[in-house]
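Participant: Structure of the sequence below:
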Amino acid sequence: MSQSLICPETVSRVSSVLNRNSRQFGKKYLFDEDEETCWNSDQGPSQWVTLEFPHRVHITQLQVQFQGGFSSRHSCLEGSQGGDTLSKIVDFYPEDTNALQTFSIPTVEVDRLKLTFEDTTDFFGRVVIYHLRVLGEKVL
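Facilitator: Prediction:
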């Protein structure tokens, strides 16, 4: 059964934060399950989030909730194991909506992920995400 793979030991990084205001728009808000908080990137041609898990995981689904008007039309998921170079897992195509969107991922074993959000719907290239969930199973 799939479970959330993001835990307190998961290390996350983001491409940017709006006005460098991590207190109000930082990466921690991607995972806090609060409807009132979000990660808000600064402007740029593409935005990204990396996740480094404390153990290997099998990824099966990705869930993302954007703010409508600040989403991505084309996104790419990459992964790796044990310090290897990232390789593409799948491209996915979110809708410009406020709804939580679920994407099935070909089952893959990784300990590092990178989500790149390209072709953003915002003219300045900003992305706003309220929830980011990575679902699957821990590798024993």
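
Participant: which intervals of the protein have sub-threshold pLDDT?
Facilitator: Per-residue confidence of the chain (counting by pLDDT under 70) places the weak regions at 1.

Participant: Mind jotting down where the strands sit in it?
Facilitator: 3-4, 11-14, 39-40, 47-66, 72-80, 87-92, 100-120, 128-138 (DSSP state E).

Participant: And for L77, nearest residue in space, chain neighbours not counted?
Facilitator: Spatial nearest neighbour of L77, chain neighbours left out: I89 (4.6 Å); criterion: C-beta to C-beta, 6 or more residues apart in numbering. Using the backbone N, CA and C atoms, a C-beta is placed for each residue, glycine as well.

Participant: Please apply the same query to V11.
Facilitator: What sits nearest to V11 in space, not counting adjacent residues and going by C-beta to C-beta, 6+ apart, is E52, at 4.2 Å.

Participant: which residues does P94 contact?
Facilitator: Neighbour list for P94: 64, 66, 71-73, 75, 101, 103 [criterion: C-beta atoms under 8 Å, 6 or more residues apart in numbering].

Participant: Check R126 too.
Facilitator: When the contact criterion is C-beta under 8 Å, 6+ apart, the partners of R126 are 18, 40-43, 47, 70, 120.
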